[in-house]
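**Q** Here's my sequence, what's the structure:
(2 chains, ligands or ions: 2)
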Amino acid sequence: MLLQINNLSVEVSGKPILKNIHLEIEKGEIAVLFGPNGSGKTTLIKSIMGFSGYEASSGEIIFNGNKLNGLSTEQRVKLGIGLMYQHPPKIRGVKLKQVADFLSSDKDKISAFSNRLSLNQHLNRDINMDFSGGEMKRSELFQILLQNPELLLLDEPESGVDLENIAIMGDVLKDFLHQKGKSALVITHTGYILDYIKAKKGCVMIEGSLWCVGNPKEMFESIRKEGYEKCKECHEPQRVE
Amino acid sequence: MSLKELNKNIDLKDKDTISSSGMDLSEETRSASFLQQDNQVQFSRSLIDGVEITSTTEALINDPLAREYYGQAFKYLNREYPQDTDGGYFIRVKAGKSVELPVQACLFLKAQGFKQKVHNIIVVEEGAKVYLITGCSASHSANEGFHLGISEFFVHKGAYLNFTMIHSWKEDTSVHPMSIALLDEGASFVSNYVCLKPVKEIIMYPTAVLRGENSRASFNSLILSHPDSLQDIGSRVILKEKNTQAEIVSRAVSLGGKVIARGHLKAENKEVKAHLECRGLILSEMGTIHAIPEMESDYRDVCMSHEAAIGKINKEEIEYLESRGFSRQQAQSIIVRGFMDVNVLALPEILKKEIDDLEDRTLKASF
Ligand SMILES: Nc1ncnc2c1ncn2[C@@H]1O[C@H](COP(=O)(O)OP(=O)(O)OP(=O)(O)O)[C@@H](O)[C@H]1O
Ligand SMILES: [Mg+2]
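**A** Numbers count the residues shown, from 1 in each chain, chains lettered A, B, ... in the order given. Ligands and ions are numbered 1, 2, ... in the order given. The predicted structure follows:
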């Protein structure tokens, strides 16, 4: 098992957000996380990354046999976890190129990815500063691919991206995830990204609990038709197998 | 004698200090040079026509023009200034001359406890354009040094002066510059100030007077504050004529010292435009940054604004870089480095690279 989350609860600013989450992702597996706005999807990802304020109040996160609780973000990244932000911050004076050069010493790889993602003009700009919504997403994808983690946490990679660029990003991502041993946890509202990746498992987060688990495309269709309320009718919150 | 030859007599450590205040000791990338150690003028020569460079002491003896300018800027504002100065530079760029490579001047403190007092006069005649870089620094041997620098800038009609000053002192040096720039019609004055090394105390409040229509001034500074230092640094622009413009931008980072970042914009005419921006990062519990922006106008028809922001580094920004694999330390240093962006200064390309490298070295050593 690559990622194993047991009984995880997280409080943010004193408010319980995640409740007894169970989630497993196998090596090479791609899991999809659905759920309405504010249900706790991003919180789960921040908690996996070990951001301050998102510590587990109970439960554990195990990655490749290492217990992550208590480890710094840097240590978690070193173990092979990478994040593509839903809303990345802007950093004044820090160039995208600086981060790219840090992530990879392979100049050809950097220019290949920046070409494919049309980011050549952005390399010398301050990270995310005045980037358009779609450019920000491409820059996030660009960075996580250079980082080359084993587990990719993709928080709404395609939201706000036009169809043409979704196709470009989707293809790049598909090629990347094709490599042996790459796993991902993907959050999506639009479902577009599902056309490009081979996701086996889907789950739904509602009010901080994981509910349903099943085939992601079927789940997406049913959410599209009947909304999230239907998921709730399904059962009690479920333990994801 | 060339600066290179003189260079051979300077001890290695001092050479480093002098270079790190922006001097090119090879003279290759400069069009004129001036070097004063304590009260001794060691070197002054111009490599091109149209640029005169000499010690003020000498100029006051030999050059009636220098006598004409001496003290005029202070008189203009009815301000007192010390007369017991010894040396400093007199630079004159003749009318219409556009000087490609920067002119450089260095004021160096060497002897223990020496009190250096200089009077600089910079004249940029009508339609001329010049970049001037001044490095002020103290030798490792110059304990308890003191530097008083009086500078008068005369930027005439349609002229352009880009003045960069790099302070590279020691933790026990006290520094009191006094500067006034007078700008005639259509003139531009850009002042770039960089202070990254420890210092005991710097108190300065240079003033630019826009006394000609359509003239403009900008003051940009990058300040790093080390524990136990006081940097009380301001910039003032008096917008006396119509259609004048001013901008004051400062970035200060406190590693534990105290910074007072002042700015004063004073509109004495209508249809003027001015902006003041001050950003500060405090990295240590002991650090203090006090931003004091001031704006004054007797007229309605002006456009003046300011923004000031002080705080610690945004946690989100650090975490973002950490999520890319940077350590906390690295993330902090790269954000500070970005905050102290050399592009805040309005530098010519040739100096941009030099100052960027200088920042890299200094910041690396400070973290
Ligand atoms: N730092 C915080 N302080 C207060 N509340 C927070 C904080 N972070 C998250 N929350 C709250 O936790 C809840 C879950 O937020 P989260 O960002 O995880 O939602 P999400 O499922 O990713 O939603 P979306 O689909 O809109 O991105 C929200 O109600 C949010 O306002
Ligand atoms: Mg979210």
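**Q** Next up, the contacts around A:R76.
**A** The contact partners of A:R76, taken as Cβ atoms under 8 Å, 6 or more residues apart in numbering or on different chains, are A:48-50, A:63, A:68. C-beta here means a position set from N, CA and C on the backbone, and glycine is covered the same way.
**Q** Up against ligand 1, what does chain A have?
**A** A:12-13, A:17, A:35, A:37-43, A:53, A:86 (Cβ under 6 Å from any ligand atom).
**Q** quick check, nearest of the residues you listed to ligand 2?
**A** A:T42 (3.1 Å; Cβ to the ion).
**Q** which residues of the stretch 251-367 of chain B fall in strands?
**A** B:258-267, B:273-282, B:288-297, B:303-311 (DSSP state E, counting those that start in this stretch).
**Q** and chain A, which of those strands is closest to it?
**A** Among these, the nearest to chain A by Cβ to the nearest Cβ is strand B:273-282 (8.7 Å).
**Q** show me where pLDDT drops low in chain B?
**A** By pLDDT under 70, chain B contains no weakly predicted segment.
**Q** Give the burial count for B:S2, as a bare number.
**A** Residues lying near B:S2 (other Cβ atoms under 10 Å in any protein chain shown) number 13.
**Q** Next, the contact list for it, please.
**A** B:E27.
**Q** before we move on, back to that, out of the residues of chain A next to ligand 1, which are buried?
**A** Listed as buried from the residues of chain A next to ligand 1 are A:17, A:35, A:39-43, A:86; burial here means 16 or more other Cβ atoms under 10 Å in any protein chain shown.
**Q** so can I have JSON lines of the residues you listed showing pLDDT?
**A** Putting those into JSON lines (pLDDT from 0 to 100) gives the following:
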{"residue": "A:I17", "pLDDT": "97"}
{"residue": "A:G35", "pLDDT": "95"}
{"residue": "A:S39", "pLDDT": "96"}
{"residue": "A:G40", "pLDDT": "97"}
{"residue": "A:K41", "pLDDT": "98"}
{"residue": "A:T42", "pLDDT": "98"}
{"residue": "A:T43", "pLDDT": "98"}
{"residue": "A:Q86", "pLDDT": "96"}
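**Q** Among those, pick out the one closest to B:I223, please.
**A** A:Q86 (36.1 Å; Cβ to Cβ).
**Q** Secondary structure class of the closest one, three-state.
**A** Three-state call for A:Q86 (DSSP: H, G, I helix; E, B strand; the rest coil): coil.
**Q** Can you tell me the closest non-neighbouring residue to it?
**A** A:D155 (3.9 Å; Cβ to Cβ, 6 or more residues apart in numbering or on different chains).
**Q** if you look at the buried ones among the residues of chain A next to ligand 1, which of them are in strands?
**A** A:I17 (DSSP state E).
**Q** Output the buried ones among the residues of chain A next to ligand 1 in CSV; the columns should cover distance to B:S218.
**A** Formatted as CSV, these follow (distance: Cβ to Cβ, whole Å):
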residue, distance to B:S218
A:I17, 48
A:G35, 51
A:S39, 50
A:G40, 49
A:K41, 47
A:T42, 42
A:T43, 45
A:Q86, 39
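**Q** Looking at the buried ones among the residues of chain A next to ligand 1, which are in helices?
**A** A:41-43 (DSSP state H).
**Q** ok, the residue in the stretch 51-200 of chain B positioned nearest to ligand 1 - contacts?
**A** For the stretch 51-200 of chain B and ligand 1, the shortest gap (Cβ to the nearest ligand atom) falls at B:L196, measuring 35.4 Å. The neighbours of B:L196, taking Cβ under 8 Å, 6+ apart as the test, are B:168, B:222-224, B:358-359, B:362-363, B:366.
**Q** Which parts of the chain are helices?
**A** No chain specified, so I'll use chain A. A:41-49, A:73-79, A:96-103, A:107-116, A:133-147, A:163-178, A:216-234.
**Q** wrong chain, I was asking about chain B
**A** Using DSSP H, helices in chain B cover B:3-7, B:12-19, B:56-62, B:64-69, B:72-76, B:315-322, B:328-339, B:349-366.
**Q** that older thread, among the residues of chain A next to ligand 1, which one lies nearest to chain B?
**A** Nearest to chain B among those, with distances taken as Cβ to the nearest Cβ, is A:G53, at 8.4 Å.
**Q** Name whatever forms a beta bridge with the nearest residue to the closest one once chain neighbours are set aside.
**A** Once flanking residues are discounted, A:G53 sits nearest to A:V12: 6.2 Å by Cβ to Cβ, 6+ apart. Beta bridges link A:V12 to A:K15, judged by DSSP bridges.
**Q** Without its sequence neighbours, what residue ends up closest to the residue of chain B most remote from its centre?
**A** The C-alpha centroid of chain B is most remote from B:S323, which lies 37.9 Å away (Cα atoms, centre = their mean). In space, and not counting its chain neighbours, B:S323 is closest to A:L83: 4.9 Å by Cβ to Cβ, 6+ apart.
**Q** mind listing what the one you found touches?
**A** A:45, A:49, A:144, A:153, A:155, B:323.
**Q** Next one: the fourth one relative to A:L23, how far apart?
**A** What it means is A:L153. 12 Å (Cβ to Cβ, to the nearest Å).
**Q** The two: who's more crowded?
**A** Taking other Cβ under 10 Å, A:L153 and A:L23 do not tie; A:L153 has more neighbours (25 against 22).
**Q** Now residue 66: closest residue in space, sequence neighbours ignored.
**A** As the question left the chain open, I've gone with chain A. Per Cβ to Cβ, 6+ apart, closest to A:N66 is A:L79, 5.8 Å.
**Q** was after chain B, sorry
**A** B:A59 (3.6 Å).
**Q** Could you count how many residues lie near that neighbour?
**A** 23.
**Q** I figured it hits B:N120, correct?
**A** No. In this structure B:A59 lies outside contact range of B:N120 using Cβ atoms under 8 Å: 10.6 Å.
**Q** which residues do the two both contact?
**A** Here B:A59 and B:N120 share the contacting residues B:F90, scored by Cβ under 8 Å, 6+ apart.
**Q** Outline the domain layout of chain B.
**A** Per automatic domain parsing, the structural domains of chain B span B:3-314, B:315-367.
**Q** Between those domains, which one is closest to A:G160.
**A** For A:G160, the closest of the domains of chain B is domain B:315-367, at 18.5 Å, according to Cβ to Cβ.
**Q** Run the chain-centre distance for that closest one.
**A** 20 Å (Cα atoms, centre = their mean, to the nearest Å).
**Q** wait, does it contact ligand 1?
**A** No. Interface with ligand 1: domain B:315-367 contributes nothing (Cβ under 6 Å from any ligand atom), its closest point being 10.2 Å away.
**Q** now the end-to-end length of that domain.
**A** End-to-end span of domain B:315-367 (Cα to Cα, to the nearest Å): 18 Å.
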